[in-house]
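K.L.:
The amino acid sequence is not available; the structure is as follows:
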Ligand SMILES: NC(=O)c1ccc[n+]([C@@H]2O[C@H](COP(=O)([O-])OP(=O)(O)OC[C@H]3O[C@@H](n4cnc5c(N)ncnc54)[C@H](O)[C@@H]3O)[C@@H](O)[C@H]2O)c1
(Lines give C-alpha, C1' and ligand atoms only; values in the text may rest on other atoms or scores of the structure.)
Protein backbone atom coordinates (compact mmCIF):
# COMPACT_ATOMS: atom_id res chain seq x y z
CA UNK A 1 0.00 0.00 0.00
CA UNK A 2 1.34 3.43 -0.97
CA UNK A 3 0.64 6.42 1.19
CA UNK A 4 -1.18 8.17 -1.67
CA UNK A 5 -2.86 5.18 -3.31
CA UNK A 6 -5.58 6.27 -5.73
CA UNK A 7 -5.08 9.99 -5.24
CA UNK A 8 -5.11 12.43 -8.14
CA UNK A 9 -2.36 14.98 -7.53
CA UNK A 10 -1.30 18.29 -9.07
CA UNK A 11 2.05 19.95 -8.39
CA UNK A 12 2.74 23.50 -9.64
CA UNK A 13 6.34 24.52 -10.11
CA UNK A 14 6.69 20.82 -10.79
CA UNK A 15 9.58 21.00 -13.25
CA UNK A 16 12.32 21.25 -10.64
CA UNK A 17 13.32 21.85 -7.03
CA UNK A 18 10.72 21.06 -4.38
CA UNK A 19 8.01 20.43 -6.99
CA UNK A 20 9.82 17.70 -8.88
CA UNK A 21 11.02 15.95 -5.70
CA UNK A 22 7.44 16.00 -4.47
CA UNK A 23 6.12 14.64 -7.77
CA UNK A 24 8.61 11.77 -7.56
CA UNK A 25 7.55 10.92 -3.99
CA UNK A 26 3.86 11.17 -4.90
CA UNK A 27 4.44 8.69 -7.73
CA UNK A 28 6.47 6.35 -5.51
CA UNK A 29 3.66 6.40 -2.96
CA UNK A 30 1.06 5.20 -5.43
CA UNK A 31 -0.67 8.39 -6.62
CA UNK A 32 -3.18 7.52 -9.34
CA UNK A 33 -1.76 10.33 -11.42
CA UNK A 34 0.83 13.06 -10.89
CA UNK A 35 0.20 16.17 -12.97
CA UNK A 36 3.37 18.26 -13.09
CA UNK A 37 2.59 21.87 -14.02
CA UNK A 38 5.14 24.55 -14.78
CA UNK A 39 5.68 27.63 -16.92
CA UNK A 40 8.73 26.03 -18.56
CA UNK A 41 7.81 23.48 -21.25
CA UNK A 42 11.41 22.32 -21.73
CA UNK A 43 12.03 21.80 -18.02
CA UNK A 44 8.71 19.95 -17.72
CA UNK A 45 9.66 17.47 -20.44
CA UNK A 46 12.93 16.72 -18.64
CA UNK A 47 11.14 16.44 -15.28
CA UNK A 48 8.62 13.98 -16.67
CA UNK A 49 11.31 11.74 -18.13
CA UNK A 50 13.29 11.89 -14.86
CA UNK A 51 10.21 10.87 -12.91
CA UNK A 52 9.49 7.99 -15.27
CA UNK A 53 13.12 6.87 -15.08
CA UNK A 54 12.78 6.62 -11.29
CA UNK A 55 9.20 5.31 -11.16
CA UNK A 56 8.61 3.55 -14.51
CA UNK A 57 5.02 2.53 -13.79
CA UNK A 58 3.95 6.01 -12.67
CA UNK A 59 1.10 7.79 -14.40
CA UNK A 60 2.52 11.25 -14.98
CA UNK A 61 1.23 14.12 -17.08
CA UNK A 62 2.84 17.44 -17.88
CA UNK A 63 0.86 20.67 -18.15
CA UNK A 64 2.30 24.01 -19.22
CA UNK A 65 0.71 26.65 -17.02
CA UNK A 66 1.47 30.15 -15.83
CA UNK A 67 -0.12 30.15 -12.38
CA UNK A 68 -0.67 33.91 -12.49
CA UNK A 69 -3.28 33.39 -15.26
CA UNK A 70 -6.58 32.13 -13.94
CA UNK A 71 -7.77 30.59 -17.21
CA UNK A 72 -4.60 28.48 -17.32
CA UNK A 73 -4.95 27.34 -13.72
CA UNK A 74 -8.59 26.45 -14.34
CA UNK A 75 -7.58 24.39 -17.38
CA UNK A 76 -4.88 22.68 -15.33
CA UNK A 77 -7.24 21.66 -12.55
CA UNK A 78 -9.94 20.62 -15.03
CA UNK A 79 -7.41 18.36 -16.76
CA UNK A 80 -7.71 16.18 -13.64
CA UNK A 81 -11.43 15.63 -14.38
CA UNK A 82 -10.42 12.81 -16.72
CA UNK A 83 -9.08 10.96 -13.66
CA UNK A 84 -12.00 11.73 -11.34
CA UNK A 85 -10.92 15.17 -10.15
CA UNK A 86 -8.08 16.44 -7.99
CA UNK A 87 -7.52 15.11 -4.44
CA UNK A 88 -4.21 16.80 -3.67
CA UNK A 89 -3.22 20.25 -4.92
CA UNK A 90 0.30 21.48 -4.19
CA UNK A 91 0.46 25.20 -5.01
CA UNK A 92 4.21 25.50 -5.03
CA UNK A 93 5.25 27.63 -8.02
CA UNK A 94 7.00 30.83 -7.00
CA UNK A 95 9.68 33.31 -7.97
CA UNK A 96 12.26 35.40 -6.15
CA UNK A 97 13.29 38.10 -8.59
CA UNK A 98 16.89 39.32 -8.93
CA UNK A 99 15.62 42.95 -8.84
CA UNK A 100 13.60 42.45 -5.65
CA UNK A 101 15.09 44.76 -3.01
CA UNK A 102 14.16 46.91 0.00
CA UNK A 103 11.34 49.44 0.34
CA UNK A 104 13.22 52.01 -1.71
CA UNK A 105 14.88 49.84 -4.32
CA UNK A 106 12.13 47.41 -5.34
CA UNK A 107 10.66 48.39 -8.72
CA UNK A 108 6.84 48.43 -8.74
CA UNK A 109 6.76 46.08 -11.73
CA UNK A 110 8.79 43.50 -9.74
CA UNK A 111 6.42 43.91 -6.79
CA UNK A 112 3.43 43.27 -9.05
CA UNK A 113 5.03 40.35 -10.88
CA UNK A 114 5.96 38.69 -7.58
CA UNK A 115 2.49 39.11 -6.06
CA UNK A 116 0.85 37.89 -9.28
CA UNK A 117 2.78 34.61 -9.32
CA UNK A 118 3.36 33.95 -5.62
CA UNK A 119 0.01 35.13 -4.21
CA UNK A 120 -2.56 35.19 -7.00
CA UNK A 121 -1.18 31.90 -8.28
CA UNK A 122 -1.84 30.27 -4.92
CA UNK A 123 -5.30 31.85 -4.73
CA UNK A 124 -6.22 30.58 -8.21
CA UNK A 125 -4.89 27.10 -7.41
CA UNK A 126 -6.81 26.99 -4.12
CA UNK A 127 -10.00 28.32 -5.72
CA UNK A 128 -10.05 25.82 -8.57
CA UNK A 129 -9.11 22.96 -6.28
CA UNK A 130 -12.16 23.75 -4.12
CA UNK A 131 -14.40 24.02 -7.19
CA UNK A 132 -13.13 20.68 -8.46
CA UNK A 133 -13.50 18.91 -5.09
CA UNK A 134 -17.10 20.14 -4.92
CA UNK A 135 -17.84 19.22 -8.53
CA UNK A 136 -16.67 15.68 -7.89
CA UNK A 137 -18.56 15.50 -4.57
CA UNK A 138 -15.37 14.74 -2.65
CA UNK A 139 -15.55 14.66 1.12
CA UNK A 140 -11.85 15.21 1.61
CA UNK A 141 -9.02 16.98 -0.12
CA UNK A 142 -5.60 18.34 0.76
CA UNK A 143 -4.24 21.64 -0.50
CA UNK A 144 -0.67 22.54 0.39
CA UNK A 145 0.65 26.02 -0.30
CA UNK A 146 4.33 26.93 -0.29
CA UNK A 147 5.13 29.94 1.87
CA UNK A 148 8.61 30.43 3.39
CA UNK A 149 10.41 31.04 6.66
CA UNK A 150 10.62 34.69 5.59
CA UNK A 151 6.91 34.85 6.38
CA UNK A 152 7.87 34.11 10.01
CA UNK A 153 11.19 35.86 10.69
CA UNK A 154 12.67 39.10 9.42
CA UNK A 155 15.69 39.12 7.16
CA UNK A 156 18.30 41.87 6.98
CA UNK A 157 19.00 40.88 3.37
CA UNK A 158 15.83 42.34 1.87
CA UNK A 159 13.55 40.89 -0.81
CA UNK A 160 10.53 42.93 0.15
CA UNK A 161 8.15 41.81 -2.59
CA UNK A 162 8.99 38.14 -2.00
CA UNK A 163 8.64 38.43 1.78
CA UNK A 164 5.30 40.24 1.47
CA UNK A 165 4.07 37.59 -0.96
CA UNK A 166 4.93 34.72 1.39
CA UNK A 167 3.27 36.49 4.32
CA UNK A 168 0.14 36.76 2.19
CA UNK A 169 0.28 33.03 1.38
CA UNK A 170 0.60 32.20 5.07
CA UNK A 171 -2.42 34.28 6.08
CA UNK A 172 -4.55 33.27 3.09
CA UNK A 173 -3.95 29.56 3.65
CA UNK A 174 -4.87 29.85 7.33
CA UNK A 175 -8.21 31.44 6.44
CA UNK A 176 -8.92 28.90 3.69
CA UNK A 177 -8.25 26.13 6.22
CA UNK A 178 -10.92 27.43 8.54
CA UNK A 179 -13.49 28.33 5.88
CA UNK A 180 -13.40 24.88 4.26
CA UNK A 181 -12.77 22.68 7.32
CA UNK A 182 -16.33 21.26 7.47
CA UNK A 183 -16.22 20.32 3.81
CA UNK A 184 -13.22 18.08 4.61
CA UNK A 185 -10.83 20.21 2.56
CA UNK A 186 -7.59 20.77 4.48
CA UNK A 187 -5.22 23.64 3.75
CA UNK A 188 -1.68 23.75 5.13
CA UNK A 189 1.39 25.91 4.57
CA UNK A 190 4.85 24.59 3.85
CA UNK A 191 7.53 26.97 5.19
CA UNK A 192 10.93 25.97 3.78
CA UNK A 193 14.24 27.38 4.97
CA UNK A 194 16.82 28.51 2.40
CA UNK A 195 17.41 25.57 0.09
CA UNK A 196 19.88 24.09 -2.28
CA UNK A 197 17.57 24.63 -5.30
CA UNK A 198 18.03 26.84 -8.38
CA UNK A 199 15.65 29.51 -7.03
CA UNK A 200 18.13 30.53 -4.34
CA UNK A 201 21.43 29.07 -5.53
CA UNK A 202 21.28 30.83 -8.93
CA UNK A 203 20.59 34.06 -7.08
CA UNK A 204 23.53 33.55 -4.68
CA UNK A 205 25.88 32.49 -7.47
CA UNK A 206 29.56 32.55 -6.52
CA UNK A 207 29.15 35.31 -3.96
CA UNK A 208 30.76 33.66 -0.91
CA UNK A 209 29.94 36.53 1.45
CA UNK A 210 26.26 36.48 0.44
CA UNK A 211 26.18 32.73 0.99
CA UNK A 212 27.93 32.97 4.37
CA UNK A 213 25.43 35.65 5.48
CA UNK A 214 22.84 32.86 5.45
CA UNK A 215 24.86 29.79 6.43
CA UNK A 216 25.80 31.34 9.78
CA UNK A 217 22.14 31.14 10.82
CA UNK A 218 21.66 27.42 10.03
CA UNK A 219 21.88 25.24 13.16
CA UNK A 220 22.76 22.22 11.01
CA UNK A 221 25.32 24.23 9.06
CA UNK A 222 23.84 23.65 5.62
CA UNK A 223 21.07 24.61 3.21
CA UNK A 224 18.03 22.35 3.09
CA UNK A 225 17.43 19.92 0.23
CA UNK A 226 14.29 19.72 -1.88
CA UNK A 227 13.69 16.09 -0.86
CA UNK A 228 13.41 17.19 2.79
CA UNK A 229 10.57 19.54 1.86
CA UNK A 230 8.95 16.89 -0.34
CA UNK A 231 8.79 14.45 2.60
CA UNK A 232 6.80 17.02 4.58
CA UNK A 233 4.47 17.66 1.64
CA UNK A 234 3.87 13.91 1.29
CA UNK A 235 2.70 13.76 4.91
CA UNK A 236 0.38 16.74 4.45
CA UNK A 237 -0.98 15.27 1.22
CA UNK A 238 -1.70 11.85 2.74
CA UNK A 239 -4.57 10.85 5.01
CA UNK A 240 -1.99 10.41 7.80
CA UNK A 241 -2.36 14.16 8.38
CA UNK A 242 -6.17 14.04 8.54
CA UNK A 243 -6.28 16.24 11.68
CA UNK A 244 -3.57 18.65 10.51
CA UNK A 245 -5.26 21.77 9.16
CA UNK A 246 -4.25 25.43 8.99
CA UNK A 247 -0.75 24.43 10.04
CA UNK A 248 2.46 26.26 9.17
CA UNK A 249 4.72 23.28 8.56
CA UNK A 250 8.19 24.73 9.09
CA UNK A 251 10.97 22.57 7.62
CA UNK A 252 14.09 24.53 8.42
CA UNK A 253 16.61 22.45 10.40
CA UNK A 254 15.70 24.50 13.47
CA UNK A 255 16.59 27.88 11.92
CA UNK A 256 13.54 29.78 13.16
CA UNK A 257 14.07 28.40 16.68
CA UNK A 258 17.74 29.36 16.94
CA UNK A 259 19.41 32.14 18.91
CA UNK A 260 23.11 31.26 18.83
CA UNK A 261 23.97 28.60 16.29
CA UNK A 262 26.49 25.77 16.86
CA UNK A 263 30.02 25.72 15.53
CA UNK A 264 31.71 22.74 13.88
CA UNK A 265 31.17 20.82 10.66
CA UNK A 266 27.89 20.84 8.83
CA UNK A 267 25.64 17.78 8.78
CA UNK A 268 25.70 15.82 5.51
CA UNK A 269 22.62 16.46 3.35
CA UNK A 270 20.46 13.69 1.86
CA UNK A 271 20.59 13.06 -1.89
CA UNK A 272 17.63 14.26 -3.96
CA UNK A 273 15.91 11.60 -6.04
CA UNK A 274 16.17 13.77 -9.15
CA UNK A 275 19.96 13.82 -8.76
CA UNK A 276 20.17 10.03 -8.97
CA UNK A 277 20.93 8.50 -12.35
CA UNK A 278 18.64 5.54 -11.89
CA UNK A 279 16.98 3.43 -9.26
N1 LIG B 1 14.66 27.68 -2.52
C2 LIG B 1 14.45 28.25 -1.35
O3 LIG B 1 15.39 28.61 -0.64
C4 LIG B 1 13.03 28.45 -0.87
C5 LIG B 1 12.82 28.80 0.46
C6 LIG B 1 11.52 29.03 0.89
C7 LIG B 1 10.47 28.88 0.00
N8 LIG B 1 10.71 28.52 -1.29
C9 LIG B 1 9.56 28.40 -2.19
O10 LIG B 1 9.48 27.08 -2.67
C11 LIG B 1 8.77 27.07 -3.93
C12 LIG B 1 9.54 26.21 -4.90
O13 LIG B 1 10.80 26.76 -5.09
P14 LIG B 1 12.12 25.91 -5.41
O15 LIG B 1 13.09 26.24 -4.38
O16 LIG B 1 11.78 24.51 -5.70
O17 LIG B 1 12.59 26.70 -6.71
P18 LIG B 1 12.73 26.31 -8.24
O19 LIG B 1 13.11 27.60 -8.91
O20 LIG B 1 13.60 25.12 -8.39
O21 LIG B 1 11.25 25.90 -8.65
C22 LIG B 1 10.25 26.85 -8.91
C23 LIG B 1 9.49 26.39 -10.16
O24 LIG B 1 8.40 27.29 -10.38
C25 LIG B 1 8.29 27.51 -11.77
N26 LIG B 1 7.58 28.75 -12.02
C27 LIG B 1 8.04 30.03 -11.90
N28 LIG B 1 7.08 30.89 -12.26
C29 LIG B 1 5.98 30.17 -12.60
C30 LIG B 1 4.69 30.50 -13.04
N31 LIG B 1 4.32 31.77 -13.24
N32 LIG B 1 3.80 29.51 -13.28
C33 LIG B 1 4.17 28.20 -13.12
N34 LIG B 1 5.40 27.82 -12.70
C35 LIG B 1 6.30 28.80 -12.45
C36 LIG B 1 9.73 27.54 -12.26
O37 LIG B 1 9.82 27.32 -13.66
C38 LIG B 1 10.36 26.44 -11.42
O39 LIG B 1 10.33 25.18 -12.07
C40 LIG B 1 8.63 28.53 -4.33
O41 LIG B 1 7.32 28.98 -4.03
C42 LIG B 1 9.63 29.24 -3.45
O43 LIG B 1 9.30 30.58 -3.20
C44 LIG B 1 11.96 28.28 -1.73
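P.N.:
Perfect, thanks for sending it. Just so we're clear, the structure is a prediction, and the values are computed from it rather than from any experiment.
K.L.:
ok, now which ones touch the residue nearest to residue 38 when sequence neighbours are not counted?
P.N.:
Excluding the flanking residues, the one nearest residue 38 by CB to CB, 6 or more residues apart in numbering is residue 15, at 3.7 Å. For glycine as for every other residue, the C-beta is placed from the backbone atoms N, C-alpha and C. Shown in contact with residue 15 (CB atoms under 8 Å, 6 or more residues apart in numbering): 36, 38, 40, 43-44, 46-47.
K.L.:
What's the ChimeraX syntax to select whichever of these are buried?
P.N.:
To isolate the buried ones among those in ChimeraX, judged by 16 or more other CB atoms under 10 Å, type:
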select :36,38,43,44,47
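K.L.:
Show me the contacts of residue 15 that map onto strands.
P.N.:
36, 38 (DSSP state E).
K.L.:
which SS state does residue 189 fall under?
P.N.:
With DSSP: H, G, I helix; E, B strand; the rest coil as the basis, residue 189 sits in strand.
K.L.:
ok, now which ones touch whichever residue of the stretch 51-200 of the chain sits closest to the ligand?
P.N.:
Residue of the stretch 51-200 of the chain nearest the ligand, by CB to the nearest ligand atom: residue 94 (2.3 Å). By CB under 8 Å, 6+ apart, the residues touching residue 94 are 13, 117-118, 121, 146, 165, 199.
K.L.:
let's see it at 6 Å
P.N.:
Residues near residue 94 by CB atoms under 6 Å, 6 or more residues apart in numbering: residue 118.
K.L.:
and the stretch 101-250 of the chain, which of its residues are near the ligand?
P.N.:
Proximity of the stretch 101-250 of the chain to the ligand (CB under 6 Å from any ligand atom) is limited to residues 117, 146, 148, 192, 194-195, 197-200, 226.
K.L.:
Spell out for me which residue occupies the centre of the chain.
P.N.:
Among the residues of the chain, the one closest to the centroid is residue 92, at 3.1 Å (CA atoms, centre = their mean).
K.L.:
what about the helices in the stretch 151-279 of the chain?
P.N.:
For the stretch 151-279 of the chain, applying DSSP state H, counting those that start in this stretch gives helices covering 160-179, 198-204, 208-215, 226-237.
K.L.:
Good, wrapping up.
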